[in-house]
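I need the structure of the sequence given here:
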Amino acid sequence: MTEALVLIPGMTCDARVFWHQLVALSGDRPVLVAPPVRGATVEEMAADILPSLPARCALAGQGLGGNVALDLLRRAPERISRIALIALSVQSETPQSAAAREERIIGAQVGKLAEMVAQDWPDTVLAATAPRAEIQQLMQDMALSLGEGVYIRQSRAMQRRPDQQKALRKAMLPAAVICGAEDPLTPPRRHEFVADMLPYGQLQVIDGAGHLPSLEQPAATTRALRAWLEAPLVLR
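Got it, this is the predicted structure:
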């Protein structure tokens, strides 16, 4: 039986961040989206999603969603057949980044959610050739749909996220690491580091993409995910 695919969006994102992948891949297999919207830590978000996971599935997570996917793998390795990590950091947040995020949390609490989202997603995190204005508007729409509470919980989870390097070394399954060639937040060299720690890691750098490859280069991101889904399973 073809394994289900579970997509876990990142910070301020809903299913629309994976729209192209949903449409293209759902013809071959069940595709579900599990936004990390409850809980204020990566661990709490993973615990909330776990009961809804299929008995056996492939996991693909973007940013915060990638960290949640790794925690799900830690909790239930027997239920995860393969994992894809997109545009993420596997290390704990630095004090400087945490302090800057705290300022945005306070801004959201006083009614400035749209402004804070704009600070989270400036056009400089996207490739120069990407449809920046269109993507930024979508990011605003998704964040406002999710609301202030989700924004604050996800921000807290990012602040408190654990170092995932140990989890990477234990991930004995097909693993794709996908990033944009022009990502200034988590550049390709960091993803190469992630792929090297994964026993079966394969790095895929998406040309013409920054920090949101699924939106900036949707067809190329879908091809990378399809290749990962079609790779042979690993006997464990």
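
Over to the residue nearest to the spatial centre of the chain: give its phi and psi.
Centroid-nearest residue in the chain: Gln62, 1.1 Å away (criterion: CA atoms, centre = their mean). When quoted as degrees, to the nearest 10, the phi and psi of Gln62 stand at phi -110, psi 130.

in the helix or strand of the chain with the lowest mean pLDDT, what counts as buried?
Sorting the helices and strands of the chain by mean pLDDT, DSSP states H and E puts helix 165-169 at the bottom, at a mean of 93. Across helix 165-169, burial judged by 16 or more other CB atoms under 10 Å covers Ala167, Leu168. Glycine gets a C-beta too; all of them are placed from N, C-alpha and C.

Could you list the paired strands of the helix or strand just after it along with their orientation?
Counting by DSSP states H and E, the next helix or strand C-terminal to helix 165-169 is strand 175-180. According to DSSP bridges, strand 175-180 forms sheet pairs with strand 80-86 (parallel), strand 201-206 (parallel).

which intervals of the protein have sub-threshold pLDDT?
Under the criterion pLDDT under 70, the flagged ranges of the chain are 1, 235-236.

repeat that with 90
Scanning the chain for pLDDT under 90 picks out the ranges 1-2, 233-236.

can you give me the helices for it?
Secondary structure of the chain (DSSP state H): helices located at 19-25, 42-49, 64-75, 95-109, 113-120, 132-146, 148-159, 165-169, 188-197, 213-216, 218-230.

ok, back up a step: now do the contacts for the residue nearest to the centre of the chain.
Leu7, Ile8, Pro9, Gly10, Cys13, Val17, Phe18, Ile86, Ala87, Leu88, Ser214 (CB atoms under 8 Å, 6 or more residues apart in numbering).
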